[in-house]
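1. Kindly generate the corresponding structure for this input.
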Amino acid sequence: MTTRPVIIVGFLAPLPTRTEFEEGSMVLVDEPDVIRKRDIAAKMAGAPTLREIVPWEYQRPGAADEFFNAHPDLDPAYVVPLVEYATPFAARLAERYGVPGATSGAAQLLRDKELLRRVTRAAGVRNPESRSVDGPDDVRAFMAEHPGPVVLKPANRQASLGTKVLHDAAEVDEAWAECLAGQDEGILVPDRVIPLRMLVETFVRGAEFSVEMLVRDGVPLFTNVTEKTLFPGPRPIELGHLVPADLPEATSDLLVAQTGAVLRAVGFGTGVVHCEWILSDGVPFLVECAGRFPGDGITWLIEQAYPIALADHYYALMRGDDLPPLPAKAERAAAVRFLQAEPGEVVSVAGVAEVEALPGVLHVALAAQPGEHVRELRSSWDRAGSVTVLADTPGEAAKLAERAAESIRLEVRRAG
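-> Numbering: from 1, shown residues only. Below is the predicted model:
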């Protein structure tokens, strides 16, 4: 029997090496510019699961339907996106091939923060006040109507790119220029210009959380609540994540229920979701929701804490297989803490071996080695590294991750 291919949209290093990917089954689709800039062909050379790499400008309108008509007999077992920008293409392609997916309508709404606000607000989900803006004057007008801090952010980007909290109208011109300039994602995106749309929103003060779900035909099969910590400063960039969140059960249930309301509002079908919330005086406000795996290692935290083979179950779900009963509560707790360094050239790194030897430390990763440069912290891509830990309780995991991260010392020679 011929092996049915699986379509993976978007290269994520390292690509999954799951047993579900049979030899010669993986059709990897990515933007031609990204394939070239990331040297994907060389990275995938010799991979036994790879069937072929298909260069395709998947972020263009109509790209999925064009792909289907160019490959009508491909007959994939499933179609999955591995990166944020691939979610609408993968959802539409799944529809065309008749396999489970998020639905193209839901994927388009989840990718567009402005549309997501409008649709979920109409369904009764609490959102910050928000408006699409074309320039600094629009931002100032919004601030005049809504006294207090605001958030300036892109409607169609990822990883906190171009996002900044503003407290005064005098900051607007500089912040607007800074947010527009901070959109360079380098090798991760095609060279052509992707139109940028900006939003301004009222700033909601509170603790931040995310809800991760496996969903079949709109029905949750597995749920988790993650607690988020941010770096101090005007940019909402994640400093750490804790799984499961250290919350009363009723509060976790509320966040899960509100995530269900978001999925019903957009008409989500089958897949994995990562929905972010701010809890302000006990009231959840929607930040954004993605129809893909969470980033920042949250998937691995979930797999360690419950424990559960979350990715394996996801691929089985997308194949249309029945899943066994999945755990409702975590057995342990896992956390990741990110490292920050002053911008400049890394001179030395100390403390890594000692941290790796600590009981409960699972992994230490450094984004910059001596001789390499650390950039100013403007997005998630600029963090200097991370420490991932496992402990018996959320409180113990959070303390261990913080202590371990603080024990790693990066000496940096500042630029200029």
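2. need the helices for the stretch 101-250 of the chain, in chain order.
-> With DSSP state H, counting those that start in this stretch as the criterion, the stretch 101-250 of the chain has helices at 104-111, 113-122, 136-145, 172-181, 249-266.
3. Tell me which of the ones you listed sits most buried.
-> helix 104-111 (a mean of 24; mean count of other Cβ atoms under 10 Å). In this view, the C-beta of every residue, glycine as well, is placed from N, C-alpha and C.
4. Report the distance from that one to the chain centre.
-> Chain-centre distance of helix 104-111: 15 Å, with Cα atoms, centre = their mean, to the nearest Å.
5. Which other helices and strands does that helix contact?
-> Contact analysis of helix 104-111 by 3 or more Cβ pairs under 8 Å, 6 or more residues apart in numbering; DSSP states H and E lists helix 87-97, helix 113-122, helix 249-266 as its packing neighbours.
6. As JSON lines, those helices with mean pLDDT would be great.
-> Formatted as JSON lines, the helices and strands packed on helix 104-111 follow (pLDDT from 0 to 100):
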{"stretch": "helix 87-97", "mean pLDDT": "98"}
{"stretch": "helix 113-122", "mean pLDDT": "96"}
{"stretch": "helix 249-266", "mean pLDDT": "98"}
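7. just so I know, which of those lies nearest residue 213?
-> Evaluated with Cβ to Cβ, the helices and strands packed on helix 104-111 place helix 249-266 nearest to residue 213, the distance being 6.3 Å.
8. what's in contact with that closest one?
-> Around helix 249-266, the neighbours that count as contacts under Cβ atoms under 8 Å, 6 or more residues apart in numbering are 105-106, 109-110, 116, 119-120, 122-125, 209, 211, 213, 215, 218, 220, 223, 225, 244-245, 247, 273, 275, 277, 279, 282, 284, 286, 289.
9. Now which of these would you call buried?
-> By neighbour count, with 16 or more other Cβ atoms under 10 Å, these hold 105-106, 109-110, 116, 119-120, 125, 209, 211, 213, 215, 220, 223, 225, 244-245, 247, 273, 275, 277, 279, 284, 286, 289 as buried.
10. Residue 397: helix or strand, and which one exactly?
-> helix 394-406 (DSSP states H and E).
11. Just the pLDDT at the closest residue to residue 227 other than its chain neighbours, thanks.
-> Taking Cβ to Cβ, 6 or more residues apart in numbering, and ignoring the residues beside it in sequence, residue 227 has residue 245 as its nearest neighbour in space, at 3.6 Å. With respect to pLDDT, residue 245 scores 98.
12. residues contacting residue 245?
-> By Cβ under 8 Å, 6+ apart, the neighbours of residue 245 are 209, 225, 226, 227, 252, 394.
13. which parts of stretch 364-374 are buried?
-> Buried, per 16+ other Cβ under 10 Å, within stretch 364-374: 364, 366, 367, 368, 374.
14. which residues pair with the first one across the strands?
-> Put plainly, it is residue 364. residue 387 (DSSP bridges).
15. tell me what the longest strand anywhere in the chain is packed against?
-> What stands out as the longest strand in the chain, according to DSSP state E, is strand 219-230. Applying 3+ Cβ pairs under 8 Å, 6+ apart, one finds that strand 219-230 contacts strand 207-216, strand 238-243, helix 249-266, helix 298-305, helix 310-319.
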